[in-house]
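J.: Show me how the following folds:
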Amino acid sequence: MILKEATEVLFTHQENKPSKIMVVDDEPTSLMIMLEALNNLGEIECVDNGAEALKKAVLFQPDVILLDIEMPDMDGFEVCRQLKNNPITQSISVIFVTSHNGQKFEYQSFASGGIDLIIKPVDLTICRLRVQNQLKIKHQERQILAAKNDISTLVEQVPVYISYWSKTEENLFSNDETAHWFAKSSEQMLGCFAKDVLPEKLYEAFHRCITEGIEQEVLNIQLPSPRNRIEYVRAQINLKVIEQEVTGVILTLSDITSITNTKNSYRMNQNVYELCSIRLVMQ
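T.: Below you'll find the model as predicted:
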């Protein structure tokens, strides 16, 4: 129930902030036309030159920029290149606007990092639809990123060791942020090879699955150097296979120390009981 409630909270995202659009054009008439076309789509900022657009983009952080190509001092292509070279603004979607419809301008638009091209005179309906589509894509990207972060948070909190390894046995991910299971945290584990960190018995099974193509193996092992009272674990090894080729390995560990100790204690008591029974019979 706790996991279910946590999952519902984590994966329920309601984005209330409005979309942001920036229009960059040195002609006031073009700015007015764009404002009319984009009415009610979100928060809109208008800029009349490239240098100001670069400064404003950092502060305003628009989702989409409609960028005129033909501007004095700095043309749209150069503005876009600088936007894409700045980590703060490189993810902004740029739609170029131009009065030229030649193939050369279309090629330069995409080569400079643009995702679309609108030809003047601007068709208000088409312009609005193209911007709407880009805003939807941006919204979906944020939803996916939020879900990805939620999954990471959830994986870090589950009481199971989860790790992913390359087919060359190099660690690519683990959820052990605090080095609870091994002597290395997930950050320290990254890039390590399985033979250097896994217990011998576990590594033998891990390596055998890869070399022999065993897609799944489950085994119980006793850790030679227990940490945080974890002495016995159940390991599950799953190969990730695509088109009959191993591309990675998922290794999970769950703590079975308490269960194993209980079983061992029961067996010991059972043996004592049987020994006592034999002695009574012999008497």
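
J.: Count the residues that sit near Asp63.
T.: 23 (other CB atoms under 10 Å). Using the backbone N, CA and C atoms, a C-beta is placed for each residue, glycine as well.

J.: For Ala235, list each beta-bridge partner.
T.: Taking DSSP bridges as the rule, Ala235 bridges to Leu219, Leu253.

J.: Check whether it really touches Asp255, as I assumed.
T.: No. Counting by CB atoms under 8 Å, Ala235 sits too far from Asp255 to count as a contact (11.2 Å).

J.: and the gap between the closest residue to Leu239 other than its chain neighbours and Ala194?
T.: The shortest distance from Leu239 to any non-neighbouring residue, by CB to CB, 6 or more residues apart in numbering, is to Glu215 (4.8 Å). Per CB to CB, to the nearest Å, Glu215 is found 17 Å from Ala194.

J.: neighbour-wise, which of the two wins?
T.: The neighbour count for Glu215 versus Ala194, taken as other CB under 10 Å, is higher for Ala194 (20 against 11).

J.: so what's the more buried one closest to, chain neighbours aside?
T.: Distances taken as CB to CB, 6+ apart place Glu169 nearest to Ala194, at 4.3 Å, with adjacent residues excluded.

J.: Look up how far Arg142 lies from the one you found.
T.: 36 Å.

J.: what about these two, which has more around it?
T.: Taking neighbours as other CB under 10 Å, Glu169 and Arg142 compare with Glu169 leading, 17 against 14.

J.: got a list of what that one touches?
T.: When contacts are counted by CB atoms under 8 Å, 6 or more residues apart in numbering, Glu169 touches Phe193, Ala194, Lys195, Phe206, His207, Ile210, Val249.

J.: Looking at the residues you listed, which are in strands?
T.: Assigned to strands by DSSP state E, the following of the contacts of Glu169 qualify: Val249.
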